[in-house]
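In: Turn this into a model:
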Amino acid sequence: MTAYQKPQPYTIKADIREERYARGWYVLGNAASINDTPRMLSVFGTKLVAYRGKEDGLAHVLDAYCPHMGGDLSGGEVCANSVVCPFHKWSWGADGVCDDIPYANKIPEKAVIKSWPTLEKNGLVFVWQDPEGGEPIAEQEPLKLQHWYADDWTDWEMAEIPIASLGRELVDNMCDMAHFGPIHYTTVKSFMNTMNGHVFVQKMVGGHTILTEGDDSLITSVATYEGPAYMTTTMTGMMDGLPMTVHLLVSHIPQDMGNFLINFGVMVKKAEGSTEAENKTMAEAYMEKNIESFNQDVAIWNNKCIIDNPLMCDGDGPVNLVRKWYSQFMTNAADITNDQVKPREHVTMEGPTVEETIASMSQ
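Out: Numbers count the residues shown, from 1 in each chain. From the prediction side, this is the model:
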């Protein structure tokens with residue numbers, strides 16, 4: 001009889017990473033977070049300044065450091081559609097070109113700083129990041145969230161949450177069915193993923209001790225990544241005996257290679273007969289519940305290690321699939337392969353569909 005030989009301990013691998021940030025649209029905040037007071041942004045391993053032009057009313061983002069003597073533009077002021085450095089009053093237009101030096105007869109031709117593409121949509125301000133310096137890809141512009149434009153929905157309630165990890169760790173959750181029980185106290189009834197191009201979707205039905213009422217009540221969740229960082233989730237459940245639909249925003253933006261910020265948002269359908277103040281209170285209450293649930297993830301992210309060779313079992317979701325999908329945004333555009341973007345579907349747990357569950361709530 002052959003004696004049992006204990007297998008060698010599994011070796012966790014974490015690759016050495018060059019400083020590189022995924023290509024795509026990133027949320028800076030809601031529309032109100034960018035105004036005509038310059039706002040400092042410590043993102044993408046550098047410092048940017050965001051402001052809203054006083055004449056055009058548009059959100060603009062520039063590199064924050066003035067190339068004259070290194071002044072911080074976020075400490076300056078907005079004049080017309082330009083931001084003025086507090087150090088020597090050099091003025092920088094929304095296109096990054098210096099448009100005034102109050103004591104100079106001629107502006108140097110080299111007086112240009114980087115201007116970052118921006119987008120305002122769905123009540124949010126986005127900035128485009130591309131490690132190759134490319135322009136925004138038209139097909140990857142976030143879709144219109146119709147409910148934000150409807151009068152019977154609240155605006156976003158927003159919070160900013162710092163995380164000490166890689167942004168990819170957040171994206172892993174899209175396939176990690178097994179964590180919902182231990183971390184979120186969710187009893188998963190069905191779980192599936194689809195991917196196509198720059199879009200990755202998670203559909204789940206389950207029970208939740210924080211976000212549902214009653215032992216038999218179920219929630220549905222459809223989470224959609226459009227690009228590497230902009231994720232919205234539509235959740236439907238019961239509140240006060242009635243079906244309730246909410247939209248969540250979970251959009252991260254890297255500060256550097258080891259830290260990122262999550263722009264977390266909630267918007268809800270207004271209750272008929274309620275005042276604006278009452279609806280805002282309702283949205284804030286649901287925001288509090290969701291942050292309580294989300295913070296269960298935060299505690300894990302802040303303490304786990306990076307692992308590039310996860311040891312998977314047959315009950316896990318397709319974590320390697322979502323990482324392959326995510327890798328397209330870290331790859332030079334000309335080198336992206338069909339394997340990174342082709343349509344796929346994976347069912348981790350069969351059960352009641354999102355559509356069936358929502359229909360039953362109305363009965």
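In: Please make it C-alpha for all contacts and neighbour counts, starting now.
Out: Fine.
In: quick one: low-confidence parts of the stretch 251-363 of the chain?
Out: Across the stretch 251-363 of the chain, the ranges flagged by pLDDT under 70 are 363.
In: Break this protein down into its structural domains.
Out: In the domain annotation for the chain, the residue ranges read 24-140, 149-361 (automatic domain parsing).
In: so which of these comes closest to residue 5?
Out: Each of the domains of the chain has some distance to residue 5 by Cα to Cα; the shortest is domain 149-361, at 20.1 Å.
In: just the helices in the stretch 201-350 of the chain please.
Out: Along the stretch 201-350 of the chain, the stretches classed as helices by DSSP state H, counting those that start in this stretch are 276-301, 319-327, 338-341.
In: Could you check how far the residue nearest the centre of the chain is from residue 230?
Out: Centroid check for the chain by Cα atoms, centre = their mean gives residue 251 as the closest residue, at 1.3 Å. Distance of residue 251 to residue 230, computed by Cα to Cα, to the nearest Å: 5 Å.
In: which residues do the two both contact?
Out: Listed as contacting both residue 251 and residue 230 by Cα atoms under 8 Å, 6 or more residues apart in numbering are 26, 27.
In: thinking again about what came up before, any idea which of the helices of the stretch 201-350 of the chain gets closest to residue 55?
Out: Residue 55 lies closest, by Cα to Cα, to one member of the helices of the stretch 201-350 of the chain: helix 276-301, at 30.2 Å.
In: And that closest one, what's buried?
Out: Neighbour counts over helix 276-301 (16 or more other Cα atoms under 10 Å) mark 279-280, 282-284, 286-287, 290-291, 293-294, 297-298, 301 as buried.
In: just stretch 345-356 next, same as before
Out: Buried positions in stretch 345-356, judged by neighbour count with 16+ other Cα under 10 Å: 348, 349, 351, 353, 354.
In: Now the third one: closest residue in space that isn't a chain neighbour?
Out: Put plainly, it is residue 351. In space, and not counting its chain neighbours, residue 351 is closest to residue 190: 4.6 Å by Cα to Cα, 6 or more residues apart in numbering.
In: could I get the strand or helix carrying that neighbour in PDB with only the CA atoms?
Out: Assessed by DSSP states H and E, residue 190 sits inside strand 186-196. C-alpha atoms of strand 186-196 as PDB (Å, rounded to 0.1, in the frame of the first residue of the first chain):
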ATOM      1  CA  THR A 186     -27.500  36.300   0.500                       C
ATOM      2  CA  THR A 187     -29.200  33.000  -0.400                       C
ATOM      3  CA  VAL A 188     -28.500  32.800  -4.100                       C
ATOM      4  CA  LYS A 189     -31.300  31.200  -6.200                       C
ATOM      5  CA  SER A 190     -29.900  31.800  -9.600                       C
ATOM      6  CA  PHE A 191     -26.700  33.300 -11.000                       C
ATOM      7  CA  MET A 192     -25.500  33.900 -14.600                       C
ATOM      8  CA  ASN A 193     -23.100  36.100 -16.600                       C
ATOM      9  CA  THR A 194     -22.900  37.300 -20.100                       C
ATOM     10  CA  MET A 195     -20.200  39.300 -22.000                       C
ATOM     11  CA  ASN A 196     -20.100  41.000 -25.300                       C
END
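In: Now render the helices of the stretch 201-350 of the chain as a markdown table, adding distance to residue 21.
Out: A markdown table is the format used below for those (distance: least, Cα to Cα, whole Å):
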| stretch | distance to residue 21 |
| --- | --- |
| helix 276-301 | 19 |
| helix 319-327 | 11 |
| helix 338-341 | 17 |
